[in-house]
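[1] show me how the following folds:
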Amino acid sequence: MSQPIVAILDDEPEIRRMLTDALSDAGFRTYGFARATEFEAALKSMSPDVCLVDLGLPDRDGLTLVHRLALESGASIIIISGRAQVQDRVTGLELGADDYIIKPFEPAEVVARVRARLRQPRATGTASNTAHFAGWTAHFDRYLLEDEAGGETAFSHAEGEVLRLFLEAPKRLISRAQMQETLGGAAGESFDRAMDVRISRLRTKLREDPKNPRLIKTIYGAGYIFLGDVRWG
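    Now for the predicted structure:
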């Protein structure tokens, strides 16, 4: 099995070096970039599994870059930033990040968060990368949703984790605890917020009515349930 690729985008050489050492020791292949332009050029020939993105970049707004990555890439996105305000974290998650780590940090924590992002949902006997439901086709190998007319909408690695979890257990209640156990990450307010953001983005991409979604239903105080019929393959 090939080594997962982690792209590190931070203009501080010491942080890039520290992260590179910790992630390389943990078995990841890493590429470091000081500027967004270098990183974006590399993406034409590189497909990272996880992107670690600092918001304070010298040549580009970090949040704009995060949003573009979430729309165009299948990578999981983890923001690493000195901005500790709650609103900064919420904005980052809403724009497409999958996690948010505040500087200063312990390298071991970053390694654990990267591993959590790459952890696959538990096997349920579904080996296919294509699922059909409610006029949609989800292509998990290409991170794309295809509608009945052939129109395509990209989804992120983290959104795909949640969507696959729903599609592998249709018409069954999935609690927050089950989501945390399956998808990984520390339980608590930050995990709950991340799940809320991902589910909201999925509903938007599935053209759901936010006030009355027909596919991904919230069961308040209990969790979520996916109401569509699903065919794999």
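
[2] how about Asp49, what does it touch?
    4-6, 75-76, 118, 157 (CB atoms under 8 Å, 6 or more residues apart in numbering). To be clear about C-beta, it is placed using only N, CA and C from the backbone, and glycine gets the same treatment.

[3] what mean pLDDT does the strand or helix carrying Val110 have?
    Element membership of Val110, judged by DSSP states H and E, is helix 107-118. Helix 107-118 comes out with an average pLDDT of 90.

[4] helix or strand right after it?
    Assigned by DSSP H and E, the successor of helix 107-118 is strand 130-133.

[5] identify each buried residue in that following strand, please.
    Under the neighbour-count criterion of 16 or more other CB atoms under 10 Å, strand 130-133 has 131-133 buried.

[6] show the model's pLDDT score for Leu55.
    At Leu55, pLDDT is 93.

[7] and for the closest residue to it other than its chain neighbours, the neighbour number?
    Spatial nearest neighbour of Leu55, excluding adjacent residues (CB to CB, 6 or more residues apart in numbering): Gly62 at 3.3 Å. Using other CB atoms under 10 Å, Gly62 has 22 neighbouring residues.

[8] residues contacting Gly62?
    Contacts for Gly62 (CB under 8 Å, 6+ apart) come out as 36, 53-56, 79, 81.

[9] one more pass at 7 Å, please.
    Contact analysis of Gly62 by CB atoms under 7 Å, 6 or more residues apart in numbering lists 53-56.

[10] can you select the buried ones from the residues you listed in PyMOL?
    The buried residues among the contacts of Gly62 can be selected in PyMOL (16+ other CB under 10 Å) with this line:
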select buried, resi 53+54+55
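
[11] ok, so of the contacts of Gly62, who is nearest Asp99?
    The closest of the contacts of Gly62 to Asp99 turns out to be Val53 (CB to CB; 10.7 Å).

[12] identify the bridge partners of the closest one.
    Beta-bridge partners of Val53, counted by DSSP bridges, are Leu9, Ile79.

[13] hang on, it packs against Leu63?
    No - if you go by CB atoms under 7 Å, Val53 and Leu63 don't touch, sitting 9.3 Å apart.

[14] Leu69 versus the residue nearest to Leu55, what's the distance?
    Per CB to CB, to the nearest Å, Gly62 is found 10 Å from Leu69.

[15] now Leu183
    Distance from Leu183 to Leu69, by CB to CB: 19 Å.

[16] the more surrounded of the two?
    Leu69 (25 against 22).
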